[in-house]
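>>> sequence first, predicted model second:
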Amino acid sequence: GVLPASYESVLAPGAEIMRPLRYADSLSQACRSCRHLQSVGRLRNGASPAEASIEVEQAFAQMRTLYPEDYGDERLAVAGLRDLLVAPVRRPLYVLLGASGLLLLIALANATNLFVARAARRHAEISVRAALGAGRWRLTRTLLIEALLAATLGGFFGAALTQAALGTLLSIAPSTLPRLDQVQMNGSVALFAGILALLLGVISGLVPNAVMMRRLKDTQLYTTTRTVARGGFDALRRGLVVSEMCLAVLLLFGAGLLIQSVDKLLSVDTGFATERRLTVALSVLGPRFDDDATVWSTWEDLHSRVRSLPGVESVSLTSQLPMSTDFDGWGVHVEQLPGAPSNRGGDAFRFAVTPDYAETMGLRVVNGRFLSEGDRQGSTPVVVINETFAQRVFPDRNPLGERVVIGGDDGPKRTIVGVVNDVKHQGLDAPTGGQIYLPLVQNAFADAYVRLVVQTRREPGGIISALRQTIADVDRSIPMSEIMTFDAMIEQSTGDRRFAKQLFVLFAGTALILSAIGVFGVLSGMVEERTREIGVRSALGATRGEIVGHFMRQGLLLACVGIALGAVAGTVLAPALNSLVYEVSPRDPSTLAIVALILVSIATLATALPALRASRVDALEALRAE
């Protein structure tokens, strides 16, 4: 059958072909200890996930009683499919949403500062109009209309900029974000942006109006802005600048932590080599490959042909690859020694590999040996385990020579012949679990899906065309997918953190610019409003350096107060970044020190310009203008 073009598999969004699982008890991979399948169910009408969890747990309790060796003390619970899919990215996206909110508040503070300055300059006019009988609503309406007009234009240009930049943002976003292909600037988003812009316009217009209305209670008519400069308007503007600097500290602090986090994450030892290595996903389908011997013969033929290609240094096949989307967990049972308590090895990731896998991946054998060409069908079943599995299951003895059963109890008993180092499988920041390696041809069944790993002598991309031709020569029905270098695979696995870091850096840079504009605007307004005072100071003998120092001290005082408040808030709110931060202390004083230094430098520059302007005020002209 053919499904509609709009259909998308939620568990495997890139899947284009589906076939029956054909899972039966008679299959060798059908075991109670297997952990390689996912199940999806639909709740009946009116049933809640909590009720379903209770029913599932009751059924599973009976299975634990019947098969204690397979299930031990494990529990089952029902989880919502949407929650399961978005769980890895929900918290990072919430943190980014919070960063967007902080940036929006900085922009709001800047816009409000502009309208406060305009209201201060028009205070004399408003006082006269109020004295002549203008009502509060009529006076408020003037400022409100101006603010709404500015907000509408700003929202329009913001939406246009978003639409233009959307393609760039999507190009740097990780493919692991759910429904990434459906992100678009639609009517709902535009409506939300419009409502938000109008709301912010109302706030930025009403705040200075509220201060102005309180001052109009005084019946005195003000004729100059100088008279009101140090009143409620001046205090409000200073408070807004402090708020901007505080919010900028939070954004810069978050960006600094994420930069350190990504750098430290990328420096984590993966446990395998990545240089000059390429991977390709392969699979065989169809009735011809129903026979295990045919599958094994096909993989062996492919393995030998690729190994002989010019430029290939080593090649291996594996049933799953670390740091990819592969997941193949199995239960492992340790052979019970006479008089010893039952030892259930627990779950482990199963790697069915060719003997040269350790060489190709750069694994390190820490005890015993790795798999060899002599480990074939008919010979003694063997297995190699990782250090974590050895320490967890055999903490008090050498695991070499011990025997384990993978999957069901009726499987072959495999002798442990070696221990290798741990590798990162589910992610650089994920805990390392048990890992077992067994010969590809000694597996209980032939793996129809494998990963080809190639180590080259030169740049890996140069052999892709030859690799395609070689695979086609073996069997043209074998599809190739997920062709990528190991470096690209590592980058893909850290895509969510990289994306968050890039956005945070963008937000932090914008916050720096807006904060500098805020400091510059307030100081410029103060210079303009205090021109006569500057003239008097100059006439009384104040030097240019003293005037510059006076305004510099005022601007830097506001910046330092905001930075101090932001540092305290950043330390308190830092746990919100825990979902994104890897091995970086949220209270790292060096990060706060760097952030403070950056902001002080920006504030100094923004303060110096209007302060130098004040020093050039001519005393006689200033007094004559008044």
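Nice, thanks for sending it over. Residues are numbered from 1 along each chain as shown.
>>> give the ranges of residues in the stretch 251-400 of the chain that sit below the confidence cut-off.
336-345 (pLDDT under 70).
>>> could you redo the last one with a cut-off of 90?
251-269, 284-292, 311, 324-348, 376-378, 393-397 (pLDDT under 90).
>>> just so I have it, where are all the strands in it?
Under the criterion DSSP state E, counting those that start in this stretch, the stretch 251-400 of the chain contains strands at 277-283, 312-318, 329-334, 344-353, 365-368, 382-386.
>>> deepest of these, which one?
Stretch with highest mean neighbour count among the strands of the stretch 251-400 of the chain: strand 382-386 (a mean of 27; mean count of other C-beta atoms under 10 Å). In this view, the C-beta of every residue, glycine as well, is placed from N, C-alpha and C.
>>> can you list the strands that it pairs with?
Applying DSSP bridges, strand 382-386 is found paired with strand 413-420 (parallel), strand 435-439 (antiparallel).
>>> quick revisit: out of the strands of the stretch 251-400 of the chain, the one nearest Ile563 is which?
Proximity to Ile563 (C-beta to C-beta) singles out strand 277-283 among the strands of the stretch 251-400 of the chain, at 46.5 Å.
>>> contacting residues for Asp375?
355, 382, 439, 442 (C-beta atoms under 8 Å, 6 or more residues apart in numbering).
>>> how far away is it from Glu528?
85 Å (C-beta to C-beta, to the nearest Å).
>>> same question, Pro381
As judged by C-beta to C-beta, Pro381 and Glu528 stand 87 Å apart.
>>> is the closest residue to Arg369 other than its chain neighbours bridged to anything, and to what?
Leaving aside its sequence neighbours, Arg369 sits nearest to Gly418 (C-beta to C-beta, 6 or more residues apart in numbering; 4.7 Å). Beta bridges link Gly418 to Gly368, Val384 when assigned by DSSP bridges.
>>> what sits against Gly418?
So Gly418 contacts 365, 367-371, 384-385, 400 (C-beta under 8 Å, 6+ apart).
>>> ditto for Val420
Val420 makes contact with 358, 363-366, 370, 384-387, 437, according to C-beta under 8 Å, 6+ apart.
>>> still on that earlier bit, to Phe157, which of the strands paired with strand 382-386 lies closest?
Among the strands paired with strand 382-386, strand 435-439 sits nearest to Phe157 (C-beta to C-beta), with 53.9 Å.
>>> contacts for the closest one?
Residues contacting strand 435-439 (C-beta under 8 Å, 6+ apart): 330, 332, 348-355, 357, 370-371, 375-376, 381-386, 388-389, 404, 406, 414, 420, 422-423, 425.
>>> run the chain-centre distance for it.
Computed by C-alpha atoms, centre = their mean, to the nearest Å, the chain-centroid distance of strand 435-439 equals 32 Å.
>>> mind exporting it as CSV, just the C-alpha atoms?
Below are the C-alpha coordinates for strand 435-439, written out as CSV (Å, rounded to 0.1, in the frame of the first residue of the first chain):
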residue,chain,number,x,y,z
GLN,A,435,28.6,-3.0,26.2
ILE,A,436,29.2,-6.5,24.7
TYR,A,437,30.9,-7.4,21.4
LEU,A,438,30.4,-10.7,19.7
PRO,A,439,31.4,-12.0,16.3
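>>> helix or strand right after it?
strand 449-456 (DSSP states H and E).
>>> quick one: strands adjacent to that next one?
strand 277-283 (antiparallel), strand 312-318 (antiparallel).
>>> what's the angle from it to strand 344-353?
60 degrees (axes from the mean of the first three to the mean of the last three C-alpha atoms, to 10 degrees).
>>> off-centre distance for strand 449-456?
How far strand 449-456 lies from its chain's middle: 29 Å, per C-alpha atoms, centre = their mean.
>>> what's the answer for stretch 417-432, then?
22 Å.
>>> report the buried residues of it.
Within stretch 417-432, the residues scored as buried using 16 or more other C-beta atoms under 10 Å are 417-429, 432.
>>> okay if I get those as TSV plus secondary structure, pLDDT and distance to Leu104?
Shown next, in TSV, are the buried residues of stretch 417-432 (DSSP: H, G, I helix; E, B strand; the rest coil; pLDDT from 0 to 100; distance: C-beta to C-beta, whole Å):
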residue	secondary structure	pLDDT	distance to Leu104
Val417	strand	96	61
Gly418	strand	96	57
Val419	strand	96	54
Val420	strand	96	51
Asn421	coil	96	48
Asp422	coil	95	44
Val423	coil	95	43
Lys424	coil	93	38
His425	coil	91	40
Gln426	coil	86	36
Gly427	coil	86	32
Leu428	coil	85	32
Asp429	coil	83	30
Thr432	coil	89	41
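>>> of all those residues, which comes closest to Gly187?
Gly427 (37.3 Å).
>>> residues in contact with the closest one?
Here Gly427 is in contact with 323, 493 (C-beta under 8 Å, 6+ apart).
>>> switch to 6 Å and redo it
The contact partners of Gly427, taken as C-beta atoms under 6 Å, 6 or more residues apart in numbering, are Ser493.
>>> and Leu240, by the same measure?
109, 112-113.
>>> same deal with Val312?
Val312 touches Val454, counting by C-beta under 6 Å, 6+ apart.
>>> now do it against Leu467, distance only.
Computed as C-beta to C-beta, the Val312 to Leu467 distance reads 9 Å.
>>> thinking again about what came up before, the more surrounded of Pro381 and Glu528?
Each of Pro381 and Glu528 has its neighbours counted (other C-beta atoms under 10 Å); Pro381 has more, 21 against 16.
>>> any idea how far Glu300 is from that one?
For Pro381, the distance to Glu300 - C-beta to C-beta - is 19 Å.
>>> got it, and Arg414?
21 Å.
>>> and the two? Which one has more around it.
Set Arg414 next to Glu300 and count neighbours by other C-beta under 10 Å: Arg414 wins out with 23 against 14.
>>> please name the bridge partners of the more buried one.
Beta-bridge partners of Arg414, counted by DSSP bridges, are Val404.
>>> so what's it scoring on pLDDT?
If you check Arg414, the pLDDT there is 93.
>>> PyMOL command to pick out the buried ones of the contacts of Asp375?
Filtering those down to the buried ones (16+ other C-beta under 10 Å) takes a single PyMOL command:
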select buried, resi 355+382+439+442
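>>> now the contacts of Asp375 as CSV including distance to Ala197?
Listed next are these as CSV, based on distance: C-beta to C-beta, whole Å:
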residue, distance to Ala197
Pro355, 65
Val382, 67
Pro439, 64
Gln442, 66
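>>> which one of the contacts of Asp375 is nearest Ile259?
Distance ranking of the contacts of Asp375 against Ile259, using C-beta to C-beta, places Pro355 first at 42.1 Å.
>>> in space, what's closest to that closest one - neighbours in sequence excluded?
Leu371 (4.5 Å).
>>> ok, that neighbour to His333 distance?
Look at Leu371 and His333: by C-beta to C-beta, they are 21 Å apart.
>>> would you turn the contacts of Leu240 into CSV with distance to Thr325?
Below are these laid out as CSV (distance: C-beta to C-beta, whole Å):
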residue, distance to Thr325
Ala109, 44
Thr112, 48
Asn113, 49
